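1. Based on what follows, work out the 3D shape:
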Amino acid sequence: MTTKPKKCFMYIEMGILFATIVGLGMTWNTALIYSTPSPTTRTSAPVIDDISCDSMEHLNMHIHAHLDIFINGSSYPVPSDVGRIPDQCIYWMHTHDDNGVIHIESPEDRNFTLGEFFDIWGQNFSNSQIFDNRAEESDNGTLIVYVNGKKVSAGSDYTRIPVKAHHEIAIVYGSPPDSIPSTYAFPEGL
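-> From the prediction side, this is the model:
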């Protein structure tokens, strides 16, 4: 006696799994609805500089950099939860806490910039301004950016500075701090 081979077909679309099992002349159809969103599910949060706010973090590109900001010699904290909308979504560039570590967890390997981080943060940043501080209006009249302790040329567009793995970026407005950081001790695993 010869029997037909069993075949199993699975279709996944819009969170519904349909399974059709065909064998020995019998067919069963079942449906199961999943309530867990896909990790790439887009939310109603706006896309900023081609960076989405997704329901989960991605790991195709997973790097960390550190940002220090100094306003007239004093350290200005980078807040926690930049790029995170609680119980909704997380942008590919974000912070978890207020230690200045920028997390990049992206579904694609691409260049990310300092300007994109400030756009996600919703703060002003350019060659002549950080937050509400304008370099031309300050007593010192300066806004300088350093990457790994090296001064970025004033002719460069600061918003286009790449945010790379384990870079230490320092933005200095007005009078500088006692020393410019050139490295950051990333916690193990970052």
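
2. going forward, measure contacts and count neighbours with C-alpha atoms only.
-> OK.

3. Next up, phi/psi of the residue nearest the centre of the chain, please.
-> Nearest to the geometric centre of the chain sits M93, at 1.2 Å (C-alpha atoms, centre = their mean). Main-chain dihedrals, M93, degrees, to the nearest 10: phi -110, psi 130.

4. ok, and the closest non-adjacent residue to it?
-> Closest residue in space to M93, ignoring its immediate chain neighbours: I104 at 4.6 Å, by C-alpha to C-alpha, 6 or more residues apart in numbering.

5. ok, the one you found - contacts?
-> M61, H62, I63, H64, W92, M93, H94 (C-alpha atoms under 8 Å, 6 or more residues apart in numbering).

6. cool, P77 as well?
-> Contacts of P77 by C-alpha under 8 Å, 6+ apart are D68, I69, D98, N99, G100.

7. wouldn't the last one be in contact with P79 here?
-> Same thing as G100. Yes. Between G100 and P79 there is a contact under C-alpha atoms under 8 Å: 7.4 Å.

8. if we can go back for a sec, where's the residue nearest to M93 relative to F112, distance?
-> 8 Å (C-alpha to C-alpha, to the nearest Å).

9. what do you get for H103?
-> In terms of C-alpha to C-alpha, H103 sits 11 Å off from F112.

10. Likewise for M61?
-> M61 sits 11 Å away from F112 when distances are taken as C-alpha to C-alpha.

11. Tell me which of the two has more neighbours.
-> Between M61 and F112, F112 has the larger neighbour count (other C-alpha atoms under 10 Å), namely 19 against 13.

12. Phi first, then psi, for the more buried one.
-> The phi/psi pair for F112 (degrees, to the nearest 10) reads phi -120, psi 150.

13. can you give me the helices for the chain?
-> Applying DSSP state H to the chain gives helices spanning 114-121.

14. on that earlier part again, now, which of the contacts of P77 lie within strands?
-> Among those, the members falling in strands are D68, I69 (criterion: DSSP state E).

15. could you flag which of the contacts of P77 are buried?
-> Those of these that meet the buried threshold are D68, I69, G100, by 16 or more other C-alpha atoms under 10 Å.

16. Adding pLDDT as columns, could you present the contacts of P77 in TSV?
-> Below are these laid out as TSV (pLDDT from 0 to 100):
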residue	pLDDT
D68	98
I69	98
D98	97
N99	97
G100	98
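
17. Just put the contacts of P77 in CSV and tack on distance to I48.
-> Shown next, in CSV, are those (distance: C-alpha to C-alpha, whole Å):
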residue, distance to I48
D68, 23
I69, 22
D98, 22
N99, 23
G100, 20
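
18. What is the nearest of the contacts of P77 to E136?
-> Closest approach to E136 among the contacts of P77 (C-alpha to C-alpha): I69, at 18.1 Å.
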